[in-house]
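Novice: Sequence first, then the predicted structure:
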2 protein chains.
Amino acid sequence: MITQLLKDKRLRLTSFRKEVLQVFMDNDKAIAVSDIEDALNDFDRITLYRTIKSFIEKGLIHEIVMPGDVKKLALCAVDCNHEEGVHDHSHIHFQCKICKEVFCVDVPSLPNIDLPGYQIDEVEIQVHGVCEKCK
Amino acid sequence: MITQLLKDKRLRLTSFRKEVLQVFMDNDKAIAVSDIEDALNDFDRITLYRTIKSFIEKGLIHEIVMPGDVKKLALCAVDCNHEEGVHDHSHIHFQCKICKEVFCVDVPSLPNIDLPGYQIDEVEIQVHGVCEKCK
DNA sequence: TCATATTTGCAATATTGTTGCATTTATATA
DNA sequence: TATATAAATGCAACAATATTGCAAATATGA
């Protein structure tokens, strides 16, 4: 499962990468670098940063940054056709103002945005509010 | 003009705040903290960070963070009814993949987002593509 | 099994942002 | 207009986040 995911993205199978990817699989929400650090026993911080960078470059995970919050990371959808830094996700990013957690929420389709004069490649929607658990 | 803007937001008029606000007025795009530093001659970094923080808290400017880019800042619309950290902007955030600049682009209305089970307070839309100048 | 390109781990360093505290300044009001 | 006072500033120290270069270790294709 994890092995196949790394192979599909043409990333060499190393035990550290498998460990890091497992942390993402264990979470149903977006996680910060510090969350990954907490989940690992013994690791090298520089290697972690490089692992994250290569996961992003290969389209395995994506960054989510909410104003006023630390950077978070989440798995890409399996069908995300990552190309030239552009992701193709049919989900929105939701942050709960109570628990502060960030979730990728699947939606049937994203609204169509039209900006006269601009070429649009990718639309990302960030929503703030209250999640199901905190309501 | 600048003076009135600060008064309206109940911020004390100091020469440093006027200088920083002027930098925002001189730009039609979102700017990074480093851009402000470059535009100022002699200043204290800590005071700059505190100035930015109070501008954000009073709803004078807002943060824009695009994945893989540094944090940027832009003036809020005059009618942004900032309350409890929630901004009310009828614009989208656009980043050009060529020049990397970030712009606030006004739109007549934002699309309505519906997420069953979630309470939605604020919607922010980030678009990537090619701007008018770079096309 | 081996050659090779990739990945890792370490040291050093850069960037970005915060806290505490004494001094200075803007503003309300007497 | 002078002054009391609450807010803002400037400095030192520090915390958190991230990057680069390089030698050693490892994964993978042939």
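Specialist: Okay, I see it. Residues are numbered from 1 along each chain as shown, chains lettered A, B, ... in the order given.

Novice: so what's A:Tyr49 up against?
Specialist: Contact partners of A:Tyr49, counting by Cβ atoms under 8 Å, 6 or more residues apart in numbering or on different chains, are A:Val33. Just so you know, the C-beta spots here come from the backbone N, C-alpha and C atoms, and that holds for glycine as well.

Novice: go with 6 Å
Specialist: Counting by Cβ atoms under 6 Å, 6 or more residues apart in numbering or on different chains, A:Tyr49 touches no other residue.

Novice: Ok, A:His91 next?
Specialist: A:104-106.

Novice: Show the pLDDT at it.
Specialist: A:His91 carries a pLDDT score of 89 in this model.

Novice: does it have beta-bridge partners, and which?
Specialist: Note on A:His91: beta-bridge partners by DSSP bridges are A:Asp106.

Novice: go on, A:Ile125?
Specialist: As for beta bridges, A:Ile125 partners with B:Ile125 under DSSP bridges.

Novice: Report whether the expected contact of it with A:Ile92 is present.
Specialist: Yes. A:Ile125 lies in contact with A:Ile92 (Cβ atoms under 6 Å); the separation is 4.2 Å.

Novice: From A:Leu6, how far off is A:Cys76?
Specialist: Separation of A:Cys76 from A:Leu6 (Cβ to Cβ, to the nearest Å): 13 Å.

Novice: Between these two, which is the more surrounded one?
Specialist: A:Cys76 (22 against 18; other Cβ atoms under 10 Å in any protein chain shown).

Novice: so what's the more buried one scoring on pLDDT?
Specialist: Here, the pLDDT recorded for A:Cys76 equals 84.

Novice: got a list of what it touches?
Specialist: Shown in contact with A:Cys76 (Cβ under 6 Å, 6+ apart): A:59, A:62.

Novice: separation between it and chain B?
Specialist: Distance from A:Cys76 to chain B, counting by Cβ to the nearest Cβ, to the nearest Å: 12 Å.

Novice: And for A:Asp69?
Specialist: A:Asp69 sits 9 Å away from chain B, going by Cβ to the nearest Cβ.

Novice: what does the model give that residue for pLDDT?
Specialist: Turning to A:Asp69, the model gives it a pLDDT of 94.

Novice: what about it, which SS state?
Specialist: Put simply, A:Asp69 is coil when judged by DSSP: H, G, I helix; E, B strand; the rest coil.

Novice: quick one: it from DNA strand D, how far?
Specialist: 10 Å (Cβ to the nearest atom of the strand, to the nearest Å).

Novice: Kindly list the main-chain dihedrals of that residue?
Specialist: phi -120, psi 160 (degrees, to the nearest 10).

Novice: Find the nearest non-adjacent residue to the residue of chain A found nearest chain B, please.
Specialist: The nearest approach of chain A to chain B comes at A:Pro111, 3.5 Å away (Cβ to the nearest Cβ). Nearest non-adjacent residue to A:Pro111, counting by Cβ to Cβ, 6 or more residues apart in numbering or on different chains: B:Pro111, 3.5 Å away.

Novice: wait, is that neighbour part of a helix?
Specialist: No. Read with three-state DSSP, B:Pro111 is coil and lies in no helix.

Novice: wait, isn't it in contact with A:Leu110?
Specialist: No. Under the criterion of Cβ under 6 Å, B:Pro111 is not in contact with A:Leu110, lying 8.7 Å apart.

Novice: Where do the strands of chain A begin and end?
Specialist: Applying DSSP state E to chain A gives strands spanning A:61-64, A:72-75, A:91-96, A:102-106, A:119-130.

Novice: and the fourth one, what other elements does it pack with?
Specialist: The one in question is strand A:102-106. Here strand A:102-106 touches strand A:91-96, going by 3 or more Cβ pairs under 6 Å, 6 or more residues apart in numbering or on different chains; DSSP states H and E.
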